[in-house]
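Trainee: turn this into a structure:
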Amino acid sequence: MKKTSLTLVALSVYAASAFAQTQNLQKFYQNSKAGYKNPQSGAVVVAPTYDAGSDFKDGVALILRGTKRGFIDHTGKEIIPPQYDDASLFFEGLAHVTKNGKSGYIDMSNKTIIDFQFDEANDFINGLACIKQNGKYGFIDKAGKVVIPVQYDYARSFSENLASVKLNGKCGYIDNTGKVIVPLKYENATPFNKGEAIVQQGKEMIVINSKGKKLREIEAESEEKEERERAEKMRSKKN
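Mentor: Just a heads-up that it's a prediction; the model follows:
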């Protein structure tokens, strides 16, 4: 019985993997036009008629015709014909798209889920998206409700549960409730990656952890480093 169960699990995993492969068509270019082919057989599934195209994600690819963006599925069907001035891939079931200078969010049926009201919009990550409205940045949920006030001079999307924000010329990090986790005291702040982020404090570039603790300094810019090395070589020759 146990062996049979394991066999069924293995077959299920194999089937899921095979199905996933059929979703991931391979992009190619011919005569400066983008199309898609089956990565196993090489057969052309989507003729190269688009000016550009993305890789597939969740069975959908973003395509460009002229200046307009739309979406195709893995069969090559245009599930959303090119009509948007800008667009992203789908994240957590929604894609941010732009028309007439304003951004909003649609689902895969092209239904508008969050109205076109933003100056900028970003992908949803763990249920929150960074948006810009009336010159300020904040965060909304998937219902379009503002959950972190639109008050920042600049903000980045969440990465490892923290988002870098800028207010009154200083940067720091907040959590998904808007609570300040790392004080806003830096000139610049990058997203966290593997528990670390790079921040600028004055002329100093340092690496911090998610608690704001300094871990190490970043080496001087390459030109300054090369200048020091040249000076060291000159001193060595004189000696």
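
Trainee: the bottom helix or strand of the chain by mean pLDDT?
Mentor: helix 2-23 (a mean of 43; mean pLDDT, DSSP states H and E).

Trainee: which SSE is immediately downstream of that one?
Mentor: strand 26-30 (DSSP states H and E).

Trainee: and the residue nearest in space to the middle of the chain, how close does it get to residue 40?
Mentor: Nearest to the mean C-alpha position of the chain, by C-alpha atoms, centre = their mean, lies residue 123 at 6.5 Å. Note on residue 123: its distance to residue 40, by C-beta to C-beta, to the nearest Å, is 30 Å. C-beta coordinates here come from the backbone N, C-alpha and C atoms, glycine included.

Trainee: same deal with residue 161?
Mentor: The value you get for residue 161 to residue 40, if C-beta to C-beta is used, is 38 Å.

Trainee: who has more neighbours, these two?
Mentor: A count of neighbours by other C-beta atoms under 10 Å puts residue 161 above the other of residue 161 and residue 40, at 13 against 10.

Trainee: coming back round to it: give the contact list for the closest residue to the residue nearest to the centre of the chain other than its chain neighbours.
Mentor: Nearest non-adjacent residue to residue 123, counting by C-beta to C-beta, 6 or more residues apart in numbering: residue 91, 4.1 Å away. Applying C-beta atoms under 8 Å, 6 or more residues apart in numbering, we find residue 91 in contact with 123, 124, 125.

Trainee: from residue 95, how far out is the first one?
Mentor: Right, the one you point to is residue 123. Residue 123 is 8 Å from residue 95, by C-beta to C-beta.

Trainee: what touches both of the two?
Mentor: With C-beta under 8 Å, 6+ apart as the test, residue 123 and residue 95 both reach 88, 89.

Trainee: contacting residues around residue 75?
Mentor: Taking C-beta under 8 Å, 6+ apart, we find residue 75 in contact with residue 45.

Trainee: can you tell me the element it falls in?
Mentor: Residue 75 belongs to no helix or strand, assigned by DSSP H and E.

Trainee: start the count at 73, not 1, going forward
Mentor: All set: I'll call the first residue 73, so the last point we hit is now residue 147.

Trainee: what pLDDT is listed against it?
Mentor: Note for residue 147: predicted pLDDT of 89.

Trainee: got it, and residue 291?
Mentor: 74.

Trainee: what's the separation between it and residue 280?
Mentor: For residue 291, the distance to residue 280 - C-beta to C-beta - is 16 Å.

Trainee: okay, now the unreliable bits of this protein?
Mentor: 73-95, 292-311 (pLDDT under 70).

Trainee: for the contacts of residue 163, which one is nearest residue 118?
Mentor: Distance from residue 118 was checked for each of those by C-beta to C-beta. The minimum falls on residue 195, at 24.1 Å.

Trainee: quick one: contacts for that closest one?
Mentor: Going by C-beta under 8 Å, 6+ apart, residue 195 touches 160, 161, 163, 164, 168, 201, 229.

Trainee: in helices only, show me those.
Mentor: With DSSP state H as the criterion, helices contain none of the contacts of residue 195.

Trainee: need the residues you listed in JSON lines (columns: distance to residue 214).
Mentor: Formatted as JSON lines, these follow (distance: C-beta to C-beta, whole Å):
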{"residue": "160", "distance to residue 214": "15"}
{"residue": "161", "distance to residue 214": "16"}
{"residue": "163", "distance to residue 214": "10"}
{"residue": "164", "distance to residue 214": "7"}
{"residue": "168", "distance to residue 214": "12"}
{"residue": "201", "distance to residue 214": "8"}
{"residue": "229", "distance to residue 214": "14"}
